[in-house]
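**Q** Prediction below, plus the sequence it came from.
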Amino acid sequence: MSRHDSTGIQSDYQPIDDRDAEESTHLLGTVQGGNSSFKSSVFNLMSAIMGSGILGLAYAMANTGIVGFSILLLIVSSLAAYSVHLLLTLCGQTGVSSYEDLGGRAFGRFGKILVASTILIQNVGAMSTYMVILKTEFPAAISSFLSPDHERAVWYENGPILLILVTVAVVLPLAILPKIGFLGYTSSLAFFFMFFFAVVVVVKKWSIPCPLPVNATLSLYEVSSNLSECTPKLFVFTNKGAYAVPTMAFSFLCHTAVLPIYCELKRPSQKRMQNVANVSISLSFLVYLISALFGYLTFFDKVESELLLTYDIYLPRDLLVMLVRLAILLAVVLHLPIIHFPTRKAVQKLVMADRPFSWVSHTVITLALLTVVLLLAIFVPDIRNVFGVVGSTTSTCLLFVFPGLFSLRMRPHPLLSVAALGELALVVIGILVGLLSLCIIIVSWAQNS
């Protein structure tokens, strides 16, 4: 559990001198320590990192090339580790243990509201991606267990109807609980499900021939003309590549969970928690790279923006694909209420401030959030749109802009020092990447329409 600084949020920024840094670090180590081991902390942070973004990385590789994708993924993961370093440094110097309160320390109430609003939008986008996965994968999962000649166009194969039923019957009862600590244990299953997904992607690489079949009978000319589709591309430059970096930023965003995990770490120190973050990000990098690479080498340019949908086209009714789909669906259903809780907390901080708990407001906020997310999922035609918009705005802010900006504000350095230049570069990269990606995405929408 995160604990807030007992001194409260200062409306005016005050620089932190060395004595304050030492006292705050000592306070952090003695008050905020927990019982989590190094291994369990790595596991928890990896569970926070790995999510629905893994389903869109093969599509990102198809539109950037193998080498281009690998370079971008390495850059994003390295910047994620560096921004975690900045957050941990600020946490150690101030004793603050939440992202919102760091914004308050840096820019007063405006900073706290800005960070809370960004987290709200980010989590709504994350929940929307999970809902979109339910909408697209649930009908496919049901169809795979039915006979090929069963009646078509029935209600239990309608994505929006199934999405509403699952939300009302499962997600809402879990999300409306005032405390959901017991579901925190189930979130650890998400990592195993994602790892299982990556293993299946590797195994199925040798189950699907290339060239990919267009129909049951291909002429020799049609096969030979498609041979060029089986050549992997090292670099690709298209407007669809604008979705790559936002999807990666979406996939590596774990910064709202870093500080709570830091507080629960046994014998907490900045170096120890940084090692936790480095190991977690590195292992996630490997899983992401393997799943994206083998997904791309299986389908090449034919890969869909949501990888599991591609298997339905070329490998229908496959047992392993059916199992991994069920695993992903279970992970999504169980993870949705967990994401909902910090989202509702951010709304309560923005709307209700420090008012006492009320079942009326609690229920109204829960219903309103789930309704908004449900409508977004129903009317969003493609999951890459959520990855692109959310990744290029809130994800880049939480991953790049805010850590660098807060560090520049709260830890003044000489303008030409290495630390100041690194923090400034992080802010500039985040802003440029976010704006450029968002502009290209909007232009591509206009062209498609």
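**A** Perfect, thanks for sending it.

**Q** Can you get me a residue count around Arg109?
**A** 12 (other Cβ atoms under 10 Å). Where C-beta positions appear, they are placed from N, C-alpha and C, glycine not excepted.

**Q** just checking, it is part of a helix?
**A** Yes. Assigned with DSSP: H, G, I helix; E, B strand; the rest coil, Arg109 falls within a helix.

**Q** Where do the helices of the stretch 301-449 of the chain begin and end?
**A** For the stretch 301-449 of the chain, the helices defined by DSSP state H, counting those that start in this stretch occupy 307-314, 319-351, 359-379, 383-390, 396, 402-410, 418-448.

**Q** Which one of these lies nearest to Pro268?
**A** helix 402-410 (19.0 Å; Cβ to Cβ).

**Q** next one: stretch 293-306 to chain centre, how far?
**A** Taking Cα atoms, centre = their mean, to the nearest Å, one finds stretch 293-306 lying 20 Å from the centre of the chain it belongs to.

**Q** so where's the protein shaky on pLDDT?
**A** 1-34, 147-153, 179-188, 211-228, 353-354, 381-385, 387, 449 (pLDDT under 70).

**Q** which residue ranges form the strands in it?
**A** Using DSSP state E, no strands are assigned anywhere in the chain.

**Q** and the helices of the stretch 301-449 of the chain, which is most packed in?
**A** helix 396 (a mean of 27; mean count of other Cβ atoms under 10 Å).

**Q** Same list, the helices of the stretch 301-449 of the chain, but as a markdown table with distance to Arg272 please.
**A** Formatted as a markdown table, these follow (distance: least, Cβ to Cβ, whole Å):
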| stretch | distance to Arg272 |
| --- | --- |
| helix 307-314 | 36 |
| helix 319-351 | 24 |
| helix 359-379 | 35 |
| helix 383-390 | 31 |
| helix 396 | 28 |
| helix 402-410 | 19 |
| helix 418-448 | 21 |
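
**Q** Tell me which of those helices lies nearest to Asn44.
**A** With Cβ to Cβ as the criterion, Asn44 lies closest to helix 319-351 of the helices of the stretch 301-449 of the chain, at 12.1 Å.

**Q** measure Leu146 to Met322 for me?
**A** 12 Å (Cβ to Cβ, to the nearest Å).

**Q** And Leu162, by the same measure?
**A** When distance is defined by Cβ to Cβ, Leu162 is 17 Å away from Met322.

**Q** now do Phe138
**A** Noted for Phe138: a distance of 13 Å to Met322, by Cβ to Cβ.

**Q** ok, now Leu297?
**A** Between Leu297 and Met322 the computed distance is 22 Å (Cβ to Cβ).

**Q** about what we covered before: are there residues contacting both of Leu146 and Met322? Which ones?
**A** Shared contacts of Leu146 and Met322 (Cβ atoms under 8 Å, 6 or more residues apart in numbering): none.

**Q** quick one: Gly65 and Lys240 touch, right?
**A** No. Using Cβ atoms under 8 Å, Gly65 is not in contact with Lys240, being 12.0 Å away.

**Q** hey, what's in contact with both of the two?
**A** With Cβ under 8 Å, 6+ apart, Gly65 and Lys240 have no common neighbours.

**Q** who touches Leu426 in this structure?
**A** By Cβ under 8 Å, 6+ apart, the contact set of Leu426 is Leu79, Tyr82, Ser83, Leu86, Phe400, Val401, Pro403, Gly404.
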